[in-house]
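>>> only the shape, not the letters, is given here:
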């Protein structure tokens, strides 16, 4: 007996018709007279990530006003950075957006390199590796957002599938950097180490499997009535609002704002790859969801091209003032010993000046503004966290929605406390 | 060279008092190359294309530094002569066939200097490579690491990988060269600074170079040791870890130290120092440059004055020999004084200390002379000791000049005190600062048993504190903010570097509390709020002619040395 399952031919439109109804429409007779009551949501609420508190004014189920209180995950990143050498700050950046630490690593390293004036001297292989690990991190970021967002609407299966795929990438990032999450893999001037042997083959294999997972999840969600009811037309942000609020990343692009730092201000070797920037049309939760799904696919395209084109060579600039000498050199020559001592104890000496450098992180434009006084520690290290601007628009978006809409809207904004609160 | 932490040099080095006596002639002529005199003829030099005017005779290296062109050096020291042996400070001078050592060359009119030509940078790098050729790989175990000039200059000017993996020349690793110092001959880069310190500052030529080439070593003459009273200055000037202090070595990493500018309390000279602390403990004292007082140096004895802070400290108030709360001790002391006042203030004696700050002395003078109307006051202090005509003063008290001036001629000697107690002229004695009150004669010198009441504010436990009816703990010099007046009449700031021992309080504060209990509250500068060392100082400055030009300076917190980079 032939038991082979032949997949049904995919529907012409996998997403189905959009049911875009702006705002909440209620029948007149349901509008019962109510008194507004204050309602506290979070920080101890699973959907609030334990890191944000919303004080709502509700009239029945309807939100009339929102006060969003952030800061529960404030760790003095900027002040601590003033007491750490430039290299010691990498572990702190891991804890900014902690679902895509590599992107923070890259963004910070590039800011310091710009101040040092060595952006052009970073070995090409290091730049390719930065792109690969960065895109891996972008995928883990989006998969966390999509999986958790679906779970919060009851789709627990999607959560498990997405996290299964995310775990494949975490395992590979662990193989690369030694840590599943807190990578600290970048260095000023390159990487702490080259990719392990055979990693690219494994990565290509994982990408193939991940495509299947994303497709499967799409089938579970895209035409799912429960999911779509909380996605379509909910939490609409217009393009003008996105520009006015400084909203970037998938949230910004969902509004039709065609802005991606990788395309508009290419850095590293992004200009050598063929990839598309998905842009939404309505600016609702569903657009934000679809932008992320498509960006996962684009990241996989970039990684495949990067692996194909990646040159051999060193992954660190060959400058004793930047590079940490190997232990063999250190224990066998006084020159390397002094250099090791100075780089560790005094830090890399960055010439006096200031710099703003920005990259496309998981949630949008991640900027570092660094002021150097010529010593081994930054005089000021300011972060422009994309989440901060993205969350700032919520008090504009949420009023008029139901309490139940907060969870998917907040989920699709993808606020990461570590980054927003710093 | 021991650089003063940036920003504190200007406000602190010369906190001057009344018409500052012309800087005391440095009693030791340094062999330094000619130093430009004020009012000297000006010459024009062009440094890296930047024309500037400097007095004739200025050392070229100093002129380059003034012009903002950093010229590195190992062997040059502004307080010593220049042998030009390290070849780090070579610069190109137009018209000269070879680079010249800028530490050895006085500026000449119309000189055109390039401090960083490719040739100069190349020579500098090559010299560093030579210097490192036989340098041991000691940074992890070397006390100088973190404040090492060689580390700094390699990183700033060379930063190339080793080209040689041959065997290094080995020399003696730990030579017990003197009472306070251990020598590591391998680390020595042969700059000869230490030799010149002995020759030119201590005037006791004890060190020399022996052998030749890469076997050249620093050493003493056979059978001789590095035992002069200024020997630890060699450790300060050593650009590497060749000479290390036995007291400090292996105790602390330099970059973990915090630095507080202060004044040495060891004698009336008042050498400017940095107090280096870590975990709220003093680790070492090092000299701070002040051209009018101590130039770059201090004596070995002064460096160990910090040990007294940790010896036999009186940490809690005592009443009747028993530990007491501050409240009780103050009440008991006030009761004793009140009883004496009721008998007539003529029976009260007050002992001032030349070890106290001006602020303590001034507050006490307000209480004693203005409030209590005391007529019998005395000054105490440590006995005279040895002296030389370099830095060490025979007067072992840091503030004799301040005590005499604040006493205003009313202070009598300890001999008078003993006689007055013996004769029964005074029956109640208030001592603020117990140091030296009993002298060598111990309790027999001062017939304590004849006193009806003895109140002692003291730093350390001793016979006088034990005998006191009430004793109260004083904060020591490194625990307080205040001023000392040195033998030149210069008023200089001491700063709190460590927290006080136990419950100790500054003298002015205890005196103010005591005055309050006596119903004679003291206000300083007419301020009704709680006094601080600064308000006491400001009033003293108004009232006391010798403090007229003194300046409190700005408030500053200890600076962590790692943020100040290499002291070098």
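Arrived safely, thanks for sending. These numbers come from a predicted model, not from an experiment.
>>> verify the contact between residue A:84 and residue A:377 for me.
Yes: with contact defined as CB atoms under 8 Å, residue A:84 reaches residue A:377; the gap is 6.4 Å. Placement of C-beta: from N, CA and C, glycine included.
>>> between those two, tell me which one has more neighbours.
For residue A:84 versus residue A:377, neighbours defined as other CB atoms under 10 Å in any protein chain shown are more numerous around residue A:377 (22 against 17).
>>> buried residues in the lowest-mean-pLDDT helix or strand in chain A?
In chain A, the helix or strand scored least confidently by mean pLDDT, DSSP states H and E is helix A:225-229, which has a mean of 85. Across helix A:225-229, burial judged by 16 or more other CB atoms under 10 Å in any protein chain shown covers A:227-228.
>>> next one: it to chain centre, how far?
Helix A:225-229 has its C-alpha centroid displaced from the chain centroid by 25 Å (CA atoms, centre = their mean, to the nearest Å).
>>> tell me which residue in the stretch 51-200 of chain A sits closest to chain B.
residue A:83 (8.6 Å; CB to the nearest CB).
>>> quick one: contacts for that residue?
residue A:377 (CB atoms under 8 Å, 6 or more residues apart in numbering or on different chains).
>>> any idea how far residue B:262 is from residue B:536?
When CB to CB, to the nearest Å is the yardstick, residue B:262 and residue B:536 sit 18 Å from each other.
>>> comparing those two, which shows the higher neighbour count?
Counted by other CB under 10 Å, residue B:262 and residue B:536 do not tie: residue B:536 has more neighbours, with 30 against 23.
>>> so which residues on chain A come close to chain B?
A:319-321, A:325, A:329, A:331-339, A:341-342, A:345-346, A:349, A:375, A:377 (CB under 8 Å from any CB of the partner chain).
>>> now do 6 Å
A:320-321, A:333-335, A:337-338, A:341-342 (CB under 6 Å from any CB of the partner chain).
>>> can you get me a residue count around the closest residue to residue B:106 other than its chain neighbours?
Nearest-residue entry for residue B:106: residue B:57, 5.2 Å, with adjacent residues in sequence omitted and distances by CB to CB, 6 or more residues apart in numbering or on different chains. Neighbour count of residue B:57, defined by other CB under 10 Å: 16.
>>> pretty sure residue B:57 contacts residue B:107?
No: using CB atoms under 6 Å as the test, residue B:57 is too far from residue B:107 to be in contact (7.5 Å).
>>> give me the buried entries from the residues of chain A next to chain B.
Judged by 16+ other CB under 10 Å, buried ones among those: A:320, A:333-335, A:337-338, A:341-342.
>>> give me phi/psi at the residue nearest to residue B:315 when sequence neighbours are not counted?
Closest residue to residue B:315 apart from its sequence neighbours, by CB to CB, 6+ apart: residue B:502 at 2.6 Å. The phi and psi values for residue B:502, taken as degrees, to the nearest 10, are phi 50, psi -130.
>>> look up how far chain A lies from residue B:502.
32 Å (CB to the nearest CB, to the nearest Å).
>>> what of residue B:364?
43 Å.
>>> same check, this time on residue B:199
Taking CB to the nearest CB, one finds residue B:199 at 30 Å from chain A.
>>> so who does that residue touch?
residue B:205 (CB atoms under 6 Å, 6 or more residues apart in numbering or on different chains).
>>> you'd agree residue B:359 is up against residue B:481?
No: using CB under 6 Å, residue B:359 is not in contact with residue B:481, being 8.1 Å away.
>>> what sits in contact with each of these two?
residue B:533.
>>> neighbour count for the two, which is higher?
Neighbours per residue (other CB under 10 Å) separate residue B:359 from residue B:481, with residue B:359 holding more: 30 against 21.
>>> just want the most central residue of chain A.
The residue lying closest to the centre of chain A (CA atoms, centre = their mean) is residue A:362, at 1.9 Å.
>>> stretch B:223-241 close to chain A?
No: judged by CB under 6 Å from any CB, stretch B:223-241 stays clear of chain A, getting no closer than 11.0 Å.
>>> now that stretch, how far from the centre of its chain.
Worked out by CA atoms, centre = their mean, stretch B:223-241 lies 17 Å from the chain centre.
>>> list the contacts for whichever residue of chain A sits closest to chain B?
Taking CB to the nearest CB, chain B has its nearest neighbour within chain A at residue A:333, 3.6 Å off. Residue A:333 is in contact with residue B:162, counting by CB under 6 Å, 6+ apart.
>>> ok, the residue nearest to the centre of chain A - contacts?
A:97, A:100, A:103, A:138, A:141.
>>> phi, psi of the fourth one?
Summarising the backbone geometry of residue A:138 under the convention degrees, to the nearest 10, its torsions are phi -60, psi -40.
>>> and it, how close does it get to residue A:300?
Applying CB to CB to residue A:138 and residue A:300 gives a distance of 10 Å.
>>> quick one, which of these two is more surrounded?
Using other CB under 10 Å as the criterion, residue A:138 and residue A:300 rank with residue A:138 on top: 27 against 22.
>>> number of residues surrounding residue 117?
Using chain A. 12.
>>> switch to chain B, that's the one I care about
With other CB under 10 Å as criterion, residue B:117 counts 15.
>>> now it: how far from residue A:215?
From residue B:117 to residue A:215 the distance is 66 Å (CB to CB).
>>> how about the residues of chain B near chain A?
B:132, B:135, B:137, B:139, B:151, B:154-155, B:159, B:161-162.
>>> and the closest residue to residue B:477 other than its chain neighbours, what is it in contact with?
Excluding its sequence neighbours, the residue lying closest to residue B:477 (CB to CB, 6+ apart) is residue B:265, at 4.5 Å. Shown in contact with residue B:265 (CB under 6 Å, 6+ apart): B:305, B:398, B:477.
>>> nothing else from me, thank you.
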